[in-house]
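Chemist: got a predicted model here, sequence first, then my questions.
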Amino acid sequence: MNDSEPEPALPLPLVLDQHAGPALRLSRDRAAAMVDAALLGYDGAQPVPPLARSMWRQLALAAGMVLVIVGGAAAARYYVAWVAPKHDAAESVEPRAARPRIERARELPAPEPIQAEPEVLPPTAASKPAHVPGTERSAPEDLLQRANRLRAAGQFRQGAEMYGQVYERFPHSTSAYVARVAAAAIELEHLSNPTRARRLFEQALREQPRGALDLEARQGLSTALRDLEDRAAEVRVLNGLVQAHPDSPAARRAQVRLREIAGEAR
Amino acid sequence: MPLRPVSAPPLAPDPRVARAAAGDRNSAQALLLELLPRVRNLVRYLAWGDADVDDISQLALIEIGRSFHNYRAEGALHSWADRITARVALHHIRKRRTEERRRTSLAPELRIVVSSAEQPDDYTARRHAVQMLDDLPDDQRQALVMHHVVGLSVPELADELGIPFETARSRLRLGMQKLREQLRRGGAS
């Protein structure tokens, strides 16, 4: 194949247009919310966003300071290594004890207080974890995989039940945490049960306050609270999300939603 | 399987772009709403799974909104937006690759959810096609999408991905081979 030879055509219909697919369908409300979030603070032409400009200025300042410090340290080191011994060769120098290096880990803000709920949820017809024969000796990961497959196949009710098996039987495992978030998402998105979704999201957040699925759990919880029309709790969760994940697109959407709620209250 | 047209008919020059660039929020809003479905579709072609599509799309919308003043009407608005979207998506995907692996291994069930209610139609065919892309390595997938969907030439592709020309062509060839093998085996796993 030479450089000018065209590449063979794709054996797949990869169509790119404004119609639905391959991205999942999106409601009009959600589309409008995404655009509003993208336009937060919009003022038209922004060759260099003010934030970026000030950031560069700060970076330049920091770089200058680093140069000064490094230069000073090098000069001091030169003095200690070469000049001082010549002036005072007889004086022994005690080796300086290494100063403990104090590192401050970046800490996420603590999640907003969540009212204590009973750990065991009352079973409902839709989501009571069903006993599945042959799962007695299954590891939580196996059950999780089965639940994932059920969910991927669109068998949401059975998937939620299987996730229930995971967090009921292995309540302190990592899989239980994942299962709670996954089950909550199913309850919210497919089984129209925001009450149960809320409890599961809250349990997951209590169980692992800064867990790997923290953002998903907070987003899901805020949606469940929105469905339940609990505005005060929704605001708390949205504020917590913005604090904990300030750079995420979800934080922008949360800010838009907070403005909406503030507008409703007026 | 027949090859279908890769892109929609070009949009006519739109006066709303100039107004949006001058700070007219309504014009910007209308344009972004029109572009959003296409932006999301392109992001989905480039990114594995559905979980990050809206987050990346939103970042792309922000960048498009910031860049209206750079649009010179030398090509269709949607093609210009495609380039921005692809750039934002690739940057985001590279940045989050490590985190992605961690999250994916932890919670694969949160990533792909296909509604069982969908009938076999265009939408379903597109979903099926993108799930076949999901089985490709990222590098080959991105090369195929940038070349066959966004419409970059191979030299442009090499430039955009920051790789040698021959590497770009090799990724296209390998990606194509894998897609054909998948089709022979009967579709997405």
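Modeler: Right, received. Where do you want to start? Residues are numbered from 1 along each chain as shown, chains lettered A, B, ... in the order given.
Chemist: show me the contacts for the nearest residue to B:Arg25 once chain neighbours are set aside.
Modeler: Nearest residue to B:Arg25 in three dimensions, chain neighbours excluded: A:Tyr42, at 5.5 Å (C-beta to C-beta, 6 or more residues apart in numbering or on different chains). Glycine gets a C-beta too; all of them are placed from N, C-alpha and C. A:Tyr42 makes contact with B:23, B:25, B:28, B:65, according to C-beta atoms under 8 Å, 6 or more residues apart in numbering or on different chains.
Chemist: cool, and B:Thr167?
Modeler: B:Ala158.
Chemist: tell me how many other residues crowd B:Asp134.
Modeler: 18 (other C-beta atoms under 10 Å in any protein chain shown).
Chemist: hang on, I meant B:Phe68
Modeler: That count, for B:Phe68 with other C-beta under 10 Å as the rule, works out to 27.
Chemist: is it true that it touches B:Gly23?
Modeler: No - using C-beta atoms under 8 Å as the test, B:Phe68 is too far from B:Gly23 to be in contact (9.6 Å).
Chemist: which intervals of chain B have sub-threshold pLDDT?
Modeler: Applying pLDDT under 70 to chain B flags the ranges B:1-12, B:97-121, B:187-189.
Chemist: pop the domain breakdown of it in here.
Modeler: Listed by automatic domain parsing, the domain ranges of chain B are B:12-106, B:120-189.
Chemist: chain B: helices as residue ranges?
Modeler: B:15-21, B:25-46, B:53-67, B:77-95, B:97-106, B:122-134, B:138-144, B:154-161, B:165-185 (DSSP state H).
Chemist: distance to A:His19 added to the ones you listed, as a markdown table?
Modeler: Shown next, in a markdown table, are the helices of chain B (distance: least, C-beta to C-beta, whole Å):
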| stretch | distance to A:His19 |
| --- | --- |
| helix B:15-21 | 21 |
| helix B:25-46 | 7 |
| helix B:53-67 | 15 |
| helix B:77-95 | 13 |
| helix B:97-106 | 28 |
| helix B:122-134 | 7 |
| helix B:138-144 | 21 |
| helix B:154-161 | 26 |
| helix B:165-185 | 22 |
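Chemist: wait, which of those helices is closest to A:Gln203?
Modeler: Among the helices of chain B, helix B:97-106 comes nearest to A:Gln203, with 17.2 Å by C-beta to C-beta.
Chemist: if I look at the spatially most central residue of chain B, how far off is B:Val130?
Modeler: Nearest to the mean C-alpha position of chain B, by C-alpha atoms, centre = their mean, lies B:Leu42 at 2.4 Å. Distance, B:Leu42 to B:Val130, using C-beta to C-beta, to the nearest Å: 11 Å.
Chemist: circling back to that earlier point, show me which pair in the contacts of A:Tyr42 is furthest apart.
Modeler: B:Gly23 and B:Gly65 (10.8 Å).
Chemist: any low-confidence regions in the stretch 151-266 of chain A?
Modeler: For the stretch 151-266 of chain A, counting by pLDDT under 70, not a single residue falls below.
Chemist: residues from it in reach of chain B?
Modeler: By C-beta under 8 Å from any C-beta of the partner chain, the residues of the stretch 151-266 of chain A that approach chain B are A:151-155, A:159, A:174, A:178, A:181-182, A:185, A:189, A:212-213, A:216, A:248-250, A:252-253.
Chemist: so which of these belong to helices?
Modeler: Those of these lying in helices (DSSP H): A:151-152, A:159, A:174, A:178, A:181-182, A:185, A:189, A:216, A:249-250, A:252-253.
Chemist: which of these has the most neighbours?
Modeler: Neighbour max across those (other C-beta under 10 Å) = A:Val181, 31 neighbours.
Chemist: contacts only, for A:Lys219.
Modeler: Not quite, residue A:219 is Gln, not Lys. A:241, A:250.
Chemist: tell me the secondary structure at it.
Modeler: Using DSSP: H, G, I helix; E, B strand; the rest coil, the three-state assignment for A:Gln219 comes out as helix.
Chemist: if I look at it, how far off is chain B?
Modeler: 10 Å (C-beta to the nearest C-beta, to the nearest Å).
Chemist: same question for A:Arg28.
Modeler: Taken as C-beta to the nearest C-beta, the span from A:Arg28 to chain B is 9 Å.
Chemist: list phi and psi for that residue.
Modeler: Torsion angles at A:Arg28 (phi, psi; degrees, to the nearest 10) stand at phi -60, psi -40.
Chemist: do the same with A:Ser248
Modeler: Dihedral angles (degrees, to the nearest 10) for A:Ser248: phi -80, psi 150.
Chemist: mind listing what it touches?
Modeler: Counted by C-beta under 8 Å, 6+ apart, A:Ser248 has contacts A:215, B:55.
Chemist: near chain A, anything from stretch B:57-72?
Modeler: Yes - using C-beta under 8 Å from any C-beta, we find that stretch B:57-72 touches chain A at B:57-59, B:61-62, B:65-66, B:68-69.
Chemist: which among those end up buried?
Modeler: Among the residues of stretch B:57-72 next to chain A, the ones that count as buried by 16 or more other C-beta atoms under 10 Å in any protein chain shown are B:57-59, B:61-62, B:65-66, B:68.
Chemist: just those now: which is nearest B:His147?
Modeler: Nearest to B:His147 among those is B:Ser57, at 21.4 Å by C-beta to C-beta.
Chemist: that closest one against B:Asn41, yeah?
Modeler: No - using C-beta under 8 Å, B:Ser57 is not in contact with B:Asn41; the gap is 9.3 Å.
Chemist: please enumerate the shared neighbours of the two.
Modeler: A:Ala23.
Chemist: and whatever residue of the stretch 101-250 of chain A ends up closest to chain B, how many residues sit next to it?
Modeler: The nearest approach of the stretch 101-250 of chain A to chain B comes at A:Gly154, 2.7 Å away (C-beta to the nearest C-beta). For A:Gly154, the count of nearby residues is 15 (other C-beta under 10 Å).
Chemist: so it versus A:Arg30, what's the distance?
Modeler: Distance of A:Gly154 to A:Arg30, computed by C-beta to C-beta: 21 Å.
Chemist: likewise B:Ala158?
Modeler: Per C-beta to C-beta, B:Ala158 is found 37 Å from A:Arg30.
Chemist: of those two, which one has the most company?
Modeler: Neighbour comparison, B:Ala158 and A:Arg30: the larger count goes to B:Ala158, with 19 against 13 (by other C-beta under 10 Å).
Chemist: burial measure for the residue lying closest to the more buried one once chain neighbours are set aside, as a count.
Modeler: Counting by C-beta to C-beta, 6+ apart, B:Ala158 lies nearest to B:Ala168, which is 4.0 Å off, once chain neighbours are set aside. If you count neighbours by other C-beta under 10 Å, B:Ala168 ends up with 25.
Chemist: what residues does B:Ala168 make contact with?
Modeler: Contacts of B:Ala168 by C-beta under 8 Å, 6+ apart are B:143, B:154, B:157-158, B:161.
Chemist: the residues you listed: which two are farthest apart?
Modeler: Greatest spatial distance among the contacts of B:Ala168 (C-beta to C-beta): B:Val154 and B:Leu161, at 10.6 Å.
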